[in-house]
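1. Here is my input; please provide its structure:
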Amino acid sequence: MVLGMSLAAFTLVHVIISLIAIVAGLIVMFGMLGSKSQPGLTAIFLLFTILTSATGFLFPFKELLPSHMVGILSLVLLAVACLALYVMKLSGAWRPVYVVTALVSLYLNVFVLITQSFLKIPALAALAPAVPPNPPAGPVFAVAQGVALVFFVIVIIGTWRRFRPIAFA
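-> Below is the predicted model:
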């Protein structure tokens, strides 16, 4: 039981939170490329990404795992992104700080999504078998993660250059 839910129910809630965070984040990211500030959707993206990382720590575990390190890194990045956006109002150097921290946290969520997809979806698991406690491996998994990484690097650089919101409330 986690938060009064069975582990299966809690896992489902965690996955739904993660998917909301990713979808909202992708919409915000593409909006940022056009210098559009989307305050409501940005708040949803940041909140649900924080919830994704935080709820990840509620799963039972015996030792610190790489997934916990990703969660810690994501929470630190999100704290800085929220500071840059809501306290510093994207002024001066805080604009690129926000772009990098927010979008790297989105990338980390996508990284975990790809990894979990290869672990949980039988067709993908067959292409990149995992030997617990190790993550999936093999060329198909590496290509999927590599494509995601290259995509995010290109988009983060483009957003860094183009995101100049007129105002962010």
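
2. going forward, measure contacts between C-alpha atoms and count neighbours the same way
-> Will do.

3. all helices of the protein, in order?
-> Remark: helices assigned in the chain by DSSP state H are 7-33, 39-56, 66-82, 94-120, 122-127, 139-162.

4. Tell me if I'm right that A81 and L103 touch.
-> No: counting by C-alpha atoms under 8 Å, L103 is not a contact partner of A81; they are 9.2 Å apart.

5. would you list the helices of the chain in JSON lines and tack on mean neighbour count?
-> Below are these laid out as JSON lines (neighbours: other C-alpha atoms under 10 Å):
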{"stretch": "helix 7-33", "mean neighbour count": "18"}
{"stretch": "helix 39-56", "mean neighbour count": "19"}
{"stretch": "helix 66-82", "mean neighbour count": "18"}
{"stretch": "helix 94-120", "mean neighbour count": "20"}
{"stretch": "helix 122-127", "mean neighbour count": "14"}
{"stretch": "helix 139-162", "mean neighbour count": "15"}
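
6. Dump those into a markdown table; add mean pLDDT as well.
-> Formatted as a markdown table, the helices of the chain follow (pLDDT from 0 to 100):
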| stretch | mean pLDDT |
| --- | --- |
| helix 7-33 | 96 |
| helix 39-56 | 97 |
| helix 66-82 | 95 |
| helix 94-120 | 96 |
| helix 122-127 | 88 |
| helix 139-162 | 96 |
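
7. Which pLDDT value belongs to A130?
-> The score at A130 is 76. That number is its pLDDT.

8. can you count the residues close to it?
-> By other C-alpha atoms under 10 Å, the residues close to A130 number 15.

9. so how far is L12 from S18?
-> Distance of S18 to L12, computed by C-alpha to C-alpha, to the nearest Å: 10 Å.

10. So which residue is dead centre in this structure?
-> N109 (2.5 Å; C-alpha atoms, centre = their mean).

11. Surely P96 and I157 touch.
-> No: between P96 and I157 there is no contact under C-alpha under 8 Å: 9.7 Å.
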